[in-house]
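Q: Have a look; sequence and predicted model below, questions after that.
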Amino acid sequence: MQFMLLFSRQGKLRLQKWYVPLSDKEKKKITRELVQTVLARKPKMCSFLEWRDLKIVYKRYASLYFCCAIEDQDNELITLEIIHRYVELLDKYFGSVCELDIIFNFEKAYFILDEFLLGGEAQETSKKNVLKAIEQADLLQEMAQWGCVFLCCICAHKIN
């Protein structure tokens, strides 16, 4: 996979993950062009299209489009399955994910994507294992926050 874009029906970019090195200018140009192309397609049209020297695979879930660019020889159906698996992971984590979950918890959406994909390829296919890793990371973060609160309380107590 070259990159993954998540954008709204209004064309607002919500998440972008690039697995190939490109300049910011080129990324913006690609994003603008692809968002316009995908949004212009009719709902009953195929979710695959040829674009430049890549294949674009996209799927709409509620108000969000999940769009991936793959190389010409890559399998579109596997990419569609990867998109679906990512949506399932988001759904499990957020409990029926919506666009606002992505907007207000974008760092968690990126973290889930990074636990699932590495370098543009599926790192872990088991939803259970990915969710377990995310839960462990959440627990560590929570423990670190409570540790800071605890240390602050100790320091404040010693000062008084």
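A: Right, received. Where do you want to start?

Q: Leu49 looks like it's in a helix, true?
A: No: Leu49 sits outside any helix when classified using DSSP: H, G, I helix; E, B strand; the rest coil, being strand.

Q: Spit out the contact partners of it.
A: By C-beta atoms under 8 Å, 6 or more residues apart in numbering, the residues touching Leu49 are Thr37, Arg41, Lys55, Ile56. All C-beta spots, glycine's among them, are computed from the backbone N, C-alpha and C.

Q: One more: Leu5?
A: Contacts for Leu5 were tallied using C-beta under 8 Å, 6+ apart; they are Leu13, Leu15, Gln16, Thr31, Leu34, Val35, Tyr65, Phe66, Cys67, Cys68.

Q: what do you get if the cut-off is 10 Å, keeping everything else the same?
A: By C-beta atoms under 10 Å, 6 or more residues apart in numbering, the residues touching Leu5 are 13-18, 27, 30-31, 34-35, 38, 56, 58, 65-69.

Q: which parts of stretch 10-27 are buried?
A: Neighbour counts over stretch 10-27 (16 or more other C-beta atoms under 10 Å) mark Arg14, Leu15, Lys17, Trp18 as buried.

Q: wait, which of those residues is closest to Ala109?
A: Set against Ala109, the nearest of these by C-beta to C-beta is Leu15 (5.7 Å).

Q: can I assume the closest one is in contact with Val97?
A: No: counting by C-beta atoms under 10 Å, Val97 is not a contact partner of Leu15; they are 11.7 Å apart.

Q: Find residues that contact each of the two.
A: Leu64, Ala109.

Q: Sort out for me which of the buried residues of stretch 10-27 are in helices.
A: Under the assignment DSSP state H, those contribute nothing to helices.

Q: Columns pLDDT on top of these, output as CSV?
A: Listed next are the buried residues of stretch 10-27 as CSV, based on pLDDT from 0 to 100:
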residue, pLDDT
Arg14, 96
Leu15, 96
Lys17, 97
Trp18, 97
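
Q: Looking at those residues, which is nearest Thr79?
A: Looking across the buried residues of stretch 10-27 and measuring by C-beta to C-beta, the closest to Thr79 is Lys17, at 13.6 Å.

Q: Against Leu140, how distant is the closest one?
A: Applying C-beta to C-beta, to the nearest Å, the value for Lys17 to Leu140 is 23 Å.
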